[in-house]
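Novice: Have a look; sequence and predicted model below, questions after that.
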Number of protein chains: 2
Amino acid sequence: MEAPQPPAQPMLWSGWGDPVRASELPAPVRRLLADLLGVRAPESPAVTLDEVRPPAPALPASVLDALSSAVGGGHVRLDDEARIRHTRGKSTPDLLRMRAGDVSDAPDAVVLPGSHAEVAEVLRVCAEHRVAVVPFGGGTSVVGGLAAAREGFAGVVALDLARLDRLVSLDAESMVAELEPGLRAPRAERLLAEHGFTLGHFPQSFEYATLGGFAAARSSGQASAGYGRFDDMVVGLTVATPRGTLDLGRAPKSAAGPDLRQVILGSEGAFGVITSLRLRVRPLPEVRVYEGWRFATFPAGVATLRRVAQEGPAPTVLRLSDETETMVGLARPEELGTLASEPGCLVIAGYEGTAGDVAYRRECTGATLSEMGGVPLGPEPGEKWAHGRYSAPYLRDSLLAAGATVETLETACFWSGLPRLYEAVRRALTASLGSPLVMCHVSHVYATGASLYFTVVTAQSDDPVGQWEAAKRAANDAIGSAGGTISHHHGVGRDHLGAYAPEIGELGVAVLRGVKERLDPDGILNPGVLIPES
Amino acid sequence: MEAPQPPAQPMLWSGWGDPVRASELPAPVRRLLADLLGVRAPESPAVTLDEVRPPAPALPASVLDALSSAVGGGHVRLDDEARIRHTRGKSTPDLLRMRAGDVSDAPDAVVLPGSHAEVAEVLRVCAEHRVAVVPFGGGTSVVGGLAAAREGFAGVVALDLARLDRLVSLDAESMVAELEPGLRAPRAERLLAEHGFTLGHFPQSFEYATLGGFAAARSSGQASAGYGRFDDMVVGLTVATPRGTLDLGRAPKSAAGPDLRQVILGSEGAFGVITSLRLRVRPLPEVRVYEGWRFATFPAGVATLRRVAQEGPAPTVLRLSDETETMVGLARPEELGTLASEPGCLVIAGYEGTAGDVAYRRECTGATLSEMGGVPLGPEPGEKWAHGRYSAPYLRDSLLAAGATVETLETACFWSGLPRLYEAVRRALTASLGSPLVMCHVSHVYATGASLYFTVVTAQSDDPVGQWEAAKRAANDAIGSAGGTISHHHGVGRDHLGAYAPEIGELGVAVLRGVKERLDPDGILNPGVLIPES
């Protein structure tokens, strides 16, 4: 399996990915939607790009001049298209608003610095003129991480890091690569592959997301069991802030005080702009094997994943779909809607590495899966999953067009709390939405716990944004009550702020404010995101 | 191999460990010291406990009354012995000062709270009366982490956590134990072993150090290759601060903002007092195998450890002594000074786990060690190392008494920087001390880098503290110039402050101050430690 090529086209402004790859809904899915969920085609189709107009830009000429001086005139963009393409992220409410022609959150300008020094200068200019700055990587946030609070600011600029896209250096001996934050993941993989290395970071946003975004939002990829989370990969960071530069990470691990890298990871642009990443890389795998297993029930599957995670050795990919997700076939996008012929729950186990290592891990994991009642399904379900692993967001666009709302949310907790968390979120979503289709999988496992990833499909009401926001609030409350974290790998943004504050408590929020005050005393960096208003 | 029993006696006030276990120097060591280093017995012997008098206690009766109300009268100790036993830590300069009868840094009182609420109340009282608070666990700091700056305070109390010593709960399903911070490691291991679990954390301070200290100082144990560092084990924390309680960690990993657990880990009591730890535990190993290998040179050994760390699977313990350390036999304390019969560098590889897992990892690692030129020495050197693994600090007392200064220091960096860092530190120590014995080992390995641990022996000058402080400054400068971190697992304390500040930069220091200000606005917590004076 080759790393996917980056799409030739820019991302769809009101949807996901390369417009060329937009997919028609398969007939069985259309039938399911109509029969099961009562989905009806919406009355008005989505608007087109030339029909939307962002608000008049707010920035005075003096600020624009200063920004042009900072980055060069050609790198400050004020045209509608650039502003629209930097409006919000890719959550379903974001897309619903865009499809309805609402681009009220558009930034006033898009600024593209070409170096750390230029980023620093942009921050200086914006602090001086009280302009809010939204660091912008791939634009794939699904938690409202890209819409700044405007109140109290002279305007908002999107700080697009696309020009910071180099593999700066590779220390093959230490297996550490220095990479720039604006690199999209497929290009980073290609640059590393020329030297025989990979990051091994493959989240569903892979095709468009950037390395800086992975770091700022604590991303975790589908191969986290083997390659680790993105925060595990970061051994060093350079960060431009309005108060100067942070340069962190002299060693893989240190006892020299708190790990300040871990303060920047997950800071979502609110503390500074990451301008360089030193990342652990791995040799490209010799062998890749993905295969499927079937378990009778979700609890039986969870118990099995727990044993594998606790006893090791871990596979590279380990996922378990619940009964509903297995039945609908979300793990086999090409067969979506062709209801599974066998009941139960699908496990995908993938192995990447040297031949010997893959053979050993596969043997050990296979023995545990068998012992726990798993039925081997061979490589076909695994290969199908691997082939379709980045397809779901394309499908969402088609579902939205057909009148269905589809959205995902995710959480994590310790193993003993997982059954309660699973039930609580399902109940909350079902109670809020009537009779939605709620699917779930476990896709990130640790010795002490795991993530739960929910996909919800429901018929759109007259107010689909309000409908989803209510469901999301109910799910957030359920997660909080059941003791889960409000996000395992999507982040906080604006959408999770209300749930995040109680998770870390008043004093946790105070810690964030203490850091913010020192790095960004004027509060220009991504205001409204991550840190609750005081 | 059983986990060692906790010593019956309290720790030696002016040295290490159980006085009963103090060891005579073997004759070959005495000869080596005299012939090689010119060590001569010091003119005056160490003072005894009843000869030393701490300064008159400074705290007014009103403060003592308030502290007694907080923790109960019997738990505020003002007697000389209690104060002396809470004076400083266990670095060589600490011991040299104690042996000379200098207890000028003694706290004014020792306070022993029995619960989180009592800790919080002590902090409240101390903030109100401007009393500095030194959180005190096992008292084993070797970086000056236990001597508060007195200036500007009404006095100093040692906050001894010894009464917080329970296994609060065990979630066997999640393999997470809630433990209190005052538990010494051997007792924690015994409590967990009753349920079939272990932490797997075995630093050299194991016999006396506490769990809270491990967390506060980012400890790393000798089995870190297999069980991970202590910071890897912490999945949740409760922290009492003068501004309230922090309760962190709802899941193994989260994308809900920065990982605030990592802000407390390594905070050395300057941000708050850890009152509960949720720690990942592991099943007690079925099998333990330790064995020795010989490599021709240190670089050959380093290259081999790098391959093992990068290719995996990792052993549980992996250590490499350089030529000098191997020759002197520091890795075989029972034969110390019996010069090694073969030249080269000793590697200790240890494996713990299930029989199958140990067999596989031993086979893979053995294959790599052989391929890289290692000569297998069988289990004897491994077992000897394991047997003597906690002996070195006892030996130090005997060396100090004999007129030698012995001290350790450690650092870490990425693999490509290791040779330069190794040479730079050796050169700096040798240049500063004349002709010391400088030994080194690698004992913590990661895919991207490793630690270096130096042991230095030299003849005491007339001013042994000043002599060592100069050497230590030279080593710190060398570490900084060569790009290493100032500590891989000892921490910052007061001794590393000067080197730590440039490592994280002015803005990194500002981040620490921002956090400190929010959690401890009066600055009562361990003043002078971790955070440079502004």
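Specialist: Here it is on my side, so go on. Numbers count the residues shown, from 1 in each chain, chains lettered A, B, ... in the order given.
Novice: Distance from the chain centre to stretch A:499-511, please.
Specialist: For stretch A:499-511, the distance from its own C-alpha centre to the chain's C-alpha centre is 22 Å (C-alpha atoms, centre = their mean, to the nearest Å).
Novice: An error on my part: the question was meant for stretch A:462-475.
Specialist: That offset, for stretch A:462-475, works out to 20 Å (C-alpha atoms, centre = their mean).
Novice: Tell me where the stretch 51-200 of chain A has helices.
Specialist: Under the criterion DSSP state H, counting those that start in this stretch, the stretch 51-200 of chain A contains helices at A:61-71, A:80-85, A:92-99, A:116-129, A:185-193.
Novice: For the stretch 401-534 of chain A, which segments count as helices?
Specialist: A:418-433, A:464-482, A:497-519.
Novice: can you redo the ones you listed as TSV with mean pLDDT, mean neighbour count and distance to chain B?
Specialist: C-beta: built from backbone N, CA, C; applies to glycine. Below are the helices of the stretch 401-534 of chain A laid out as TSV (pLDDT from 0 to 100; neighbours: other C-beta atoms under 10 Å in any protein chain shown; distance: least, C-beta to the nearest C-beta, whole Å):
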stretch	mean pLDDT	mean neighbour count	distance to chain B
helix A:418-433	98	20	9
helix A:464-482	98	19	9
helix A:497-519	98	20	4
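Novice: Looking at those, which is nearest to residue B:290?
Specialist: helix A:418-433 (37.0 Å; C-beta to C-beta).
Novice: could you give the angle of the closest one to helix A:464-482?
Specialist: 150 degrees (axes from the mean of the first three to the mean of the last three C-alpha atoms, to 10 degrees).
Novice: Other residues contacting helix A:418-433?
Specialist: A:298-299, A:302, A:322, A:409, A:411, A:413, A:436, A:438, A:440, A:442, A:449-450, A:452, A:454, A:456, A:458, A:467, A:470-471, A:473-475, A:477-479, A:481-484 (C-beta atoms under 8 Å, 6 or more residues apart in numbering or on different chains).
Novice: Could I have the CA atoms of it written out in CSV?
Specialist: C-alpha atoms of helix A:418-433 as CSV (Å, rounded to 0.1, in the frame of the first residue of the first chain):
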residue,chain,number,x,y,z
LEU,A,418,-15.7,2.1,29.0
PRO,A,419,-19.0,0.2,29.1
ARG,A,420,-20.8,2.9,31.1
LEU,A,421,-19.3,5.6,28.9
TYR,A,422,-20.4,3.8,25.7
GLU,A,423,-24.0,3.4,27.0
ALA,A,424,-24.2,6.9,28.3
VAL,A,425,-23.2,8.5,25.0
ARG,A,426,-25.5,6.3,22.9
ARG,A,427,-28.4,7.0,25.2
ALA,A,428,-27.8,10.7,25.1
LEU,A,429,-27.6,10.9,21.3
THR,A,430,-30.6,8.7,20.9
ALA,A,431,-32.7,10.7,23.3
SER,A,432,-31.7,14.0,21.7
LEU,A,433,-32.2,13.0,18.1
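Novice: just how off-centre is that helix within its chain?
Specialist: 22 Å.
Novice: same question, stretch A:262-277
Specialist: The chain centre lies 15 Å from the centre of stretch A:262-277; the measure is C-alpha atoms, centre = their mean.
Novice: May I have the distance across it, first residue to last?
Specialist: Using C-alpha to C-alpha, to the nearest Å, the end-to-end distance of stretch A:262-277 comes out at 13 Å.
Novice: So it, near chain B or not?
Specialist: Yes: residues of stretch A:262-277 are located near chain B by C-beta under 8 Å from any C-beta of the partner chain, namely A:262, A:263, A:264, A:265, A:266, A:267, A:268.
Novice: Repeat that for stretch A:131-141.
Specialist: No: Stretch A:131-141 stays clear of chain B (C-beta under 8 Å from any C-beta), getting no nearer than 11.4 Å.
Novice: now do the same end-to-end measure for that stretch.
Specialist: End-to-end for stretch A:131-141, by C-alpha to C-alpha: 22 Å.
Novice: for the residue nearest to residue A:180 when sequence neighbours are not counted, what are its contacts?
Specialist: Closest residue in space to residue A:180, ignoring its immediate chain neighbours: residue A:164 at 4.0 Å, by C-beta to C-beta, 6 or more residues apart in numbering or on different chains. In this structure, residue A:164 makes contact with A:113, A:114, A:115, A:116, A:119, A:180, A:181, A:182, A:183, A:212, A:275, judged by C-beta under 8 Å, 6+ apart.
Novice: Do I have it right that the fifth one meets residue A:157?
Specialist: This points to residue A:119. No: contact criterion C-beta atoms under 8 Å: residue A:119 and residue A:157 do not qualify, at 11.9 Å.
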